[in-house]
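Q: for reference, the sequence and a predicted model appear below.
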Amino acid sequence: MEKFTLEIIQDALVAAGDEMFQTLQRTSMSPIIYESLDYAVGITDIKGELLAQGNGVTAFLAALDAVVSATIDKFSGNNTLQEGDVIIANTPYAGGGTHLSDVSVIYPVFYDGKLVAFTVNKAHWTELGGTFPGSVSTVATEIYQEGLHFPFIKIKSKGTLNQAVIDIIKANVRLPDSTLGDLFAGIAAAEVGAKRVISIIEKYGLHTFIKAKNDFLNYGERMCIEALKSIPNGTYEGTTEIEDNGFGEGPFPIKAKITITDTEFIADFNGSHPQVKGATNLAFSGLVTGCRSLFKAITTPQMDANGGAFRPMKVLCEPGTIVSAQAPSAVSVYYEVLITSIDLIWKILAPLIPDKLPAGHLRSVCATFISGMHPDTNQFYIQAEPLAGGWGASATHDGNRGQLSCGSGESYNIPIEIREMRYGILVEQYAFHNEGGGYGEFQGGNGQYVDYKIVSEEAHVTAAFLGEKTKTWGMNGGHDGSYNYFMIIKKDGTKIRHSLGTNIALEKGDIVRCVTATGGGYGNPEKRPKTKVLSDVKNGYITEKEAKEFYKI
């Protein structure tokens, strides 16, 4: 069998993933999907191993194959999957789960009556019911307060839509049209992928398709093991913390021990704090996907996502911790814990491989959920989006400015024009700030100010900005960066600073100021060339006072 044929099939699978990605973007109804790209799509084999993935969100790297594996486990024996079945799932505690808002669509692909693959996608639905708009709460104490739960159910059976489930969704969410629109977009994307897989098999034959996918997975494993050889062997440990659980309690430590050999990468989180009251919990499946994100960054960042490349990685943690939470713990702001876990491994390994990992970044999604009645249309709206901030400097360059967190990956911010058209807000300020931090031979990237002025008669905001008390970390003599927080500026001028907040009441004329952190610096600030410091001052990245104090200019 020609090697060229196998590579063509592999490339065709990647192309099919890209086509699925475009389909979901173009047919969805929520800006967090079609603008922010808060979703991922993929293709797996019949065992659930990842063959291709189109990714907006790096935090979904372990979500797609795991949710397929969990689907296979449920629909086995006499309850097997049939051609035309489509499954939806958002269980946080199994199968690549994150939080209820991230809904997976799993599509079994049949050829000549035989199961040959799965296509799958996972997207953030803006609204899924629950106590508060946006289905996110920093004060939830159990999952039942966070929205509808789909425990691997058939939305289609042998091609027939389950209208009862559609009716339940429609009756239990605040934005039924867009929520159902996003569901059907997910089904459409999965169908497109299935058609492309079948066309590949029709052209090259099932035997050749299986040979190509096995070679692809084995190649991913070989490339990963080769990359591991460039990382110093040993066992390395560190501790970080979750500052708050939404109830003013904390901090809560997270511990990690990383063991690296030439063939294996083990991330052991045993000893981390037990799961907490509140929504700052992460299920074990989310921990795995976080570890995968960092693991891929240091091993095969240039290679298309491939399940074989994750075979050398193991994640360990006893059940019931803040990074392996079990039902019915609340998890709606899981992403803050996930990013903190990634950041911990990052900080442990960065001194060993400074050519691969920079200093610390904003370490928070800084997601905001603003809801109210639109003053022009009188329709209820929910703005939901991640925010950008500063990344850490490295041994060779300054940190990037205005980038989304490591958990958001290739996602984007929502354009101002879309926000102001769809929601009852005006964006009064969108700029880099110079609140300080990140000084070094290479300067940490600046965080941002985003000011939302409320133009609805009333509105509410829910947000989670961990890092309000913990700065981003510098390296090799570089200074730590700054903080994440959000501030309510009342129309009378009163200012109230927050880290976590749920459904905070707002009035017309109030401003929600979102502040994202500046990344950590790298190296001694006094080694930074004077011309660069003067340029930073000119561009407003640092102040003249900071230049004199920290760069001795």
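A: The structure has been received and is ready for your questions.

Q: can we go C-alpha only for contacts and neighbour counts from here?
A: OK.

Q: for the residue nearest to S137 when sequence neighbours are not counted, grab the count of nearby residues.
A: In space, and not counting its chain neighbours, S137 is closest to T502: 5.7 Å by C-alpha to C-alpha, 6 or more residues apart in numbering. The burial count assigned to T502 is 19, neighbours taken as other C-alpha atoms under 10 Å.

Q: check contacts around the residue nearest to E336 when sequence neighbours are not counted.
A: Spatial nearest neighbour of E336, excluding adjacent residues (C-alpha to C-alpha, 6+ apart): S364 at 5.7 Å. Applying C-alpha atoms under 8 Å, 6 or more residues apart in numbering, we find S364 in contact with 335-336, 339-340, 405, 465-467, 484.

Q: tell me the SS of S364?
A: Following DSSP: H, G, I helix; E, B strand; the rest coil, we place S364 in the coil state.

Q: for it, which phi and psi angles does the backbone take?
A: S364 has phi and psi values of phi -160, psi 150 when expressed as degrees, to the nearest 10.

Q: so where is the protein shaky, pLDDT-wise?
A: The chain contains residues with pLDDT under 70 at 1.

Q: try 90 this time
A: In the predicted model of the chain, residues 1-4, 6-7, 52-63, 76-79, 94-97, 302-306, 385, 407-414, 553 satisfy pLDDT under 90.

Q: just to revisit the earlier point, out of the contacts of S364, which one sits closest to A227?
A: I339 (23.5 Å; C-alpha to C-alpha).

Q: the helices in the protein, which residues?
A: Secondary structure of the chain (DSSP state H): helices at 3-27, 31-34, 63-74, 163-172, 176-204, 206-228, 284-299, 334-349, 416-422, 530-539, 544-551.

Q: in TSV: those, plus distance to V455 and mean neighbour count.
A: What follows is the helices of the chain, written out as TSV (distance: least, C-alpha to C-alpha, whole Å; neighbours: other C-alpha atoms under 10 Å):
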stretch	distance to V455	mean neighbour count
helix 3-27	29	19
helix 31-34	20	23
helix 63-74	38	22
helix 163-172	27	14
helix 176-204	23	20
helix 206-228	51	18
helix 284-299	37	24
helix 334-349	29	24
helix 416-422	10	14
helix 530-539	32	14
helix 544-551	36	15
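
Q: mind giving me a markdown table with these and columns for distance to H149?
A: Listed next are the helices of the chain as a markdown table, based on distance: least, C-alpha to C-alpha, whole Å:
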| stretch | distance to H149 |
| --- | --- |
| helix 3-27 | 22 |
| helix 31-34 | 20 |
| helix 63-74 | 15 |
| helix 163-172 | 10 |
| helix 176-204 | 14 |
| helix 206-228 | 33 |
| helix 284-299 | 16 |
| helix 334-349 | 16 |
| helix 416-422 | 27 |
| helix 530-539 | 48 |
| helix 544-551 | 50 |
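
Q: tell me which of those lies nearest to I254.
A: Closest approach to I254 among the helices of the chain is made by helix 334-349 (7.5 Å; C-alpha to C-alpha).

Q: ok, which of the helices of the chain comes nearest K257?
A: helix 334-349 (8.5 Å).

Q: can I get that closest one as PDB, trimmed to CA atoms?
A: Coordinates of each C-alpha in helix 334-349 appear next as PDB, following Å, rounded to 0.1, in the frame of the first residue of the first chain:
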ATOM      1  CA  TYR A 334     -14.700  25.100  36.100                       C
ATOM      2  CA  TYR A 335     -12.600  26.900  33.500                       C
ATOM      3  CA  GLU A 336     -10.900  29.000  36.200                       C
ATOM      4  CA  VAL A 337      -9.700  25.900  38.000                       C
ATOM      5  CA  LEU A 338      -8.700  24.300  34.700                       C
ATOM      6  CA  ILE A 339      -6.500  27.200  33.700                       C
ATOM      7  CA  THR A 340      -5.000  27.300  37.200                       C
ATOM      8  CA  SER A 341      -4.100  23.700  36.800                       C
ATOM      9  CA  ILE A 342      -2.500  24.300  33.400                       C
ATOM     10  CA  ASP A 343      -0.600  27.300  34.900                       C
ATOM     11  CA  LEU A 344       0.800  25.100  37.700                       C
ATOM     12  CA  ILE A 345       2.300  22.600  35.300                       C
ATOM     13  CA  TRP A 346       3.500  25.500  33.200                       C
ATOM     14  CA  LYS A 347       5.200  27.200  36.200                       C
ATOM     15  CA  ILE A 348       6.800  23.900  37.300                       C
ATOM     16  CA  LEU A 349       8.300  23.100  33.800                       C
END
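
Q: what's the angle between it and helix 284-299?
A: Using axes from the mean of the first three to the mean of the last three C-alpha atoms, to 10 degrees, one finds that helix 334-349 and helix 284-299 are set 40 degrees apart in direction.

Q: please name the nearest non-neighbouring residue to A94.
A: Nearest non-adjacent residue to A94, counting by C-alpha to C-alpha, 6+ apart: S285, 6.1 Å away.

Q: which residues touch that neighbour?
A: By C-alpha under 8 Å, 6+ apart, the neighbours of S285 are 62-63, 92-98, 324.

Q: turn those into JSON lines, columns for distance to H374.
A: Formatted as JSON lines, the contacts of S285 follow (distance: C-alpha to C-alpha, whole Å):
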{"residue": "A62", "distance to H374": "38"}
{"residue": "A63", "distance to H374": "35"}
{"residue": "P92", "distance to H374": "32"}
{"residue": "Y93", "distance to H374": "36"}
{"residue": "A94", "distance to H374": "38"}
{"residue": "G95", "distance to H374": "37"}
{"residue": "G96", "distance to H374": "36"}
{"residue": "G97", "distance to H374": "33"}
{"residue": "T98", "distance to H374": "30"}
{"residue": "S324", "distance to H374": "39"}
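
Q: show me which of those residues is closest to I242.
A: Checking the contacts of S285 against I242 by C-alpha to C-alpha gives S324 as the nearest, at 14.0 Å.

Q: was I right to think that closest one contacts L282?
A: Yes - using C-alpha atoms under 8 Å, S324 is in contact with L282, at 5.8 Å.

Q: with neighbour numbers in mind, choose between the two.
A: Shown here are S324 and L282; by other C-alpha under 10 Å, L282 has more neighbours (33 against 25).

Q: let me see the contact set for that one.
A: 98, 322-325, 331, 334-335, 337-338.

Q: same thing but 10 Å
A: Counting by C-alpha atoms under 10 Å, 6 or more residues apart in numbering, L282 makes contact with 92-93, 97-99, 275-276, 320-326, 329-338, 341.

Q: pull out the buried residues from those.
A: Neighbour counting with 16 or more other C-alpha atoms under 10 Å marks 92-93, 97-99, 275-276, 320-326, 329-338, 341 as buried within those.

Q: identify the contacts common to S324 and L282.
A: Residues touching both S324 and L282 (C-alpha under 10 Å, 6+ apart): 93, 275.

Q: now the strands for the stretch 1-150 of the chain?
A: With DSSP state E, counting those that start in this stretch, the ranges of strands along the stretch 1-150 of the chain come out as 39-44, 50-55, 86-89, 102-111, 114-124.

Q: buried deepest among the ones you listed, which one?
A: strand 39-44 (a mean of 30; mean count of other C-alpha atoms under 10 Å).

Q: how far out from the middle of the chain is it?
A: 14 Å (C-alpha atoms, centre = their mean, to the nearest Å).

Q: partner strands of it, with direction?
A: Using DSSP bridges, the strands paired with strand 39-44 in its sheet are strand 50-55 (antiparallel), strand 114-124 (antiparallel).

Q: how about the nearest residue to E146, chain neighbours excluded?
A: E146 sits nearest to G130 (C-alpha to C-alpha, 6+ apart), 4.5 Å away.

Q: and that neighbour, how far from E2?
A: Separation of G130 from E2 (C-alpha to C-alpha, to the nearest Å): 54 Å.

Q: quick one: which of the two has more around it?
A: G130 (21 against 6).
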